[in-house]
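Participant: turn this into a structure:
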Amino acid sequence: MDFINPSPRRFGWPGLVGLLVALAACAGRIPVLVSPSGGVEAVEGFGSASVQGEDAAVKGKFAFLFRRPGFGRVEAVDPIGRTAFLMIFRVDRAYFVVPGKKAYAEEAPEAMMKRFLGISLPPDEVLRLLSGTWTDSGAGSGWNVEQDELGRVWSGGRNGFAFQVREFFSGGGVPRDIGLSGPATTGRIKVLKLGFNPPSREAAFDVTFLRGYVLKTWPEILEIPDR
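Facilitator: Residues are numbered from 1 along each chain as shown. Predicted structure coming up:
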């Protein structure tokens with residue numbers, strides 16, 4: 001299933017247009033970005049991806065918001081903000097939504113992420129990947145990470161899956177360009193805009209709108225024609 005073409009329907013959350021404007025303002029330069037000394041509880045931003053996952057090839061721009069513990073939102077958009085697909089993570093459940101078809105699939109967060117990145121990666125670990133804060137991941141995560149001479153985590157691996165930071169934001173150890181590889185995945189993620197600890201917005205993770213959508217199995221989602 002190829003998620004490149006956008007849906008004709010806009011389905012964003014407040015602030016997405018602002019991110020696009022800020023992205024345009026930052027074009028052509030690498031901004032200075034340092035993670036807060038008090039810790040990272042949430043990240044929000046905008047990026048691009050070209051990833052071949054377990055079940056899907058994802059290529060294009062996306063907005064994202066991840067917040068501890070276990071909350072996340074990823075919205076794939078076209079240049080003017082129209083949605084191709086949407087993923088919402090709520091601790092123990094994840095929802096893959098195709099707004100243009102009013103359809104969605106539901107399963108465990110790690111299983112949902114594996115379909116796109118090729119590994120069972122929970123939202124809190126995506127937050128660590130995007131923020132470069134692997135050193136606070138705690139015991140038992142299973143990740144083997146390596147640091148460069150500046151103390152920045154530049155690579156890591158677990159169970160055959162690996163990431164490598166190709167470029168950092170200026171000023172610290174926050175990844176800007178991340179390469180991914182593994183048995184069921186290959187590709188890269190480039191972070192174009194990133195902010196730490198934004199104000200809490202519960203509406204970003206709300207799924208009550210799905211009452212008007214049709215629940216489908218993952219194979220049925222894969223059969224949805226290109227939009």
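Participant: what comes up buried for stretch 150-160?
Facilitator: Buried residues in stretch 150-160, counted by 16 or more other Cβ atoms under 10 Å: 152-158. Yep, even glycine has a C-beta here, placed from its N, CA and C like the rest.
Participant: end to end, how far does it reach?
Facilitator: Its start and end residues considered, stretch 150-160 measures 26 Å (Cα to Cα, to the nearest Å).
Participant: do stretch 172-192 as well
Facilitator: Start and end residues of stretch 172-192 are separated by 16 Å (Cα to Cα).
Participant: buried set for that stretch?
Facilitator: Those would be 173-180, 182, 185, 187-189, 191-192, for stretch 172-192 by 16+ other Cβ under 10 Å.
Participant: now, which of the residues you listed sits nearest residue 94?
Facilitator: Lowest distance from residue 94 to those (Cβ to Cβ) belongs to residue 185, with 17.3 Å.
Participant: near the closest residue to the closest one other than its chain neighbours, how many other residues are there?
Facilitator: Nearest non-adjacent residue to residue 185, counting by Cβ to Cβ, 6 or more residues apart in numbering: residue 118, 2.6 Å away. Residue 118 has 23 neighbouring residues, counting by other Cβ atoms under 10 Å.
Participant: and residue 118, what does it touch?
Facilitator: Counting by Cβ atoms under 8 Å, 6 or more residues apart in numbering, residue 118 touches 52-54, 161, 180, 182-186.
Participant: can you check residue 34 too?
Facilitator: Residues in contact with residue 34, defined by Cβ under 8 Å, 6+ apart, are 171-172, 174.
Participant: can you map out the strands along the chain?
Facilitator: Counting by DSSP state E, the chain has strands at residues 2-3, 42-52, 57-67, 71-77, 83-90, 93-98, 103-107, 144-147, 153-158, 161-168, 175-182, 185-196, 214-215.
Participant: any chance of the buried residues of stretch 150-160 in CSV, plus distance to residue 219 and pLDDT?
Facilitator: Below are the buried residues of stretch 150-160 laid out as CSV (distance: Cβ to Cβ, whole Å; pLDDT from 0 to 100):
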residue, distance to residue 219, pLDDT
152, 41, 91
153, 37, 91
154, 38, 92
155, 35, 92
156, 32, 90
157, 31, 89
158, 28, 87
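Participant: of those, which is the nearest to residue 165?
Facilitator: Looking across the buried residues of stretch 150-160 and measuring by Cβ to Cβ, the closest to residue 165 is residue 154, at 4.6 Å.
Participant: check which residues of stretch 204-223 are buried.
Facilitator: 204-205, 210, 213, 216, 218, 221.
Participant: and that stretch, C-alpha only, in PDB?
Facilitator: Extracted C-alpha coordinates of stretch 204-223, given in PDB (Å, rounded to 0.1, in the frame of the first residue of the first chain):
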ATOM      1  CA  ALA A 204      -5.100  16.100  19.200                       C
ATOM      2  CA  PHE A 205      -5.600  12.600  20.600                       C
ATOM      3  CA  ASP A 206      -9.400  12.500  20.600                       C
ATOM      4  CA  VAL A 207     -11.000   9.700  18.600                       C
ATOM      5  CA  THR A 208     -14.700  10.300  19.200                       C
ATOM      6  CA  PHE A 209     -15.000  11.400  15.600                       C
ATOM      7  CA  LEU A 210     -14.400   7.800  14.600                       C
ATOM      8  CA  ARG A 211     -18.000   7.000  15.600                       C
ATOM      9  CA  GLY A 212     -18.900   8.300  12.100                       C
ATOM     10  CA  TYR A 213     -16.200   6.100  10.500                       C
ATOM     11  CA  VAL A 214     -16.200   2.400   9.400                       C
ATOM     12  CA  LEU A 215     -13.900   0.000  11.300                       C
ATOM     13  CA  LYS A 216     -12.000  -2.200   8.900                       C
ATOM     14  CA  THR A 217      -9.400  -4.900   9.300                       C
ATOM     15  CA  TRP A 218      -5.800  -4.100   8.200                       C
ATOM     16  CA  PRO A 219      -6.100  -6.200   5.100                       C
ATOM     17  CA  GLU A 220      -9.300  -4.200   4.200                       C
ATOM     18  CA  ILE A 221      -7.400  -1.000   4.700                       C
ATOM     19  CA  LEU A 222      -4.700  -2.200   2.400                       C
ATOM     20  CA  GLU A 223      -7.300  -2.800  -0.300                       C
END
